[in-house]
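Visitor: sequence and computational prediction follow.
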Amino acid sequence: MANSGSKSTVTPLKIRQWAEQRDGKPAIVKDSDKNGGGLLRINFPGYAEDNLEEISWDRFFTIFEDSKLKFLYQEETKDGETSRFSKFVSREEN
């Protein structure tokens, strides 16, 4: 049985490995770059959106940390296929 539940992490290495295993590249939404930030996305082949701009992993993780984000992701779909589901959300205050 596949594990289709969502997981979360703030670990840069885990995020990069997850994305690269799916041929994903770090990106931001164009025109969202405010004071060095931006809306983060993972850009996958075949899903290229005109409004995404690829950036370096270093810049990606700088924005990730500065924005205090958490990465929600899924390893597999309920059918056992490799999932590309991911989302960036604010870290919860503890």
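Guide: The structure has been received and is ready for your questions.

Visitor: where does Ile15 sit: helix, strand or coil?
Guide: Using DSSP: H, G, I helix; E, B strand; the rest coil, the structure places Ile15 in helix.

Visitor: ok, now which ones touch it?
Guide: Contact analysis of Ile15 by Cβ atoms under 8 Å, 6 or more residues apart in numbering lists 9, 61, 64, 71, 73. C-betas here are computed from N, CA, C, even on glycine.

Visitor: once you drop chain neighbours, what's closest to Thr9?
Guide: In space, not counting the residues next to it along the chain, Thr9 is nearest to Phe71; the distance is 5.4 Å by Cβ to Cβ, 6 or more residues apart in numbering.

Visitor: number of nearby residues for that neighbour?
Guide: Neighbourhood size, Phe71 [other Cβ atoms under 10 Å]: 21.

Visitor: of the contacts of Ile15, which pair is most distant in space?
Guide: Greatest spacing in those, by Cβ to Cβ: Phe61 and Tyr73 (15.4 Å).

Visitor: who's more crowded, the two?
Guide: Taking neighbours as other Cβ under 10 Å, Phe61 and Tyr73 compare with Tyr73 leading, 20 against 17.

Visitor: quick one: strands adjacent to the host helix or strand of the residue nearest to Thr9?
Guide: Taking DSSP states H and E as the criterion, Phe71 maps to strand 69-74. Here strand 69-74 has these sheet partners by DSSP bridges: strand 6-9 (antiparallel), strand 86-90 (antiparallel).

Visitor: for the longest one, which positions count as buried?
Guide: By neighbour count with 16 or more other Cβ atoms under 10 Å, strand 86-90 contains the buried residues 86, 88.
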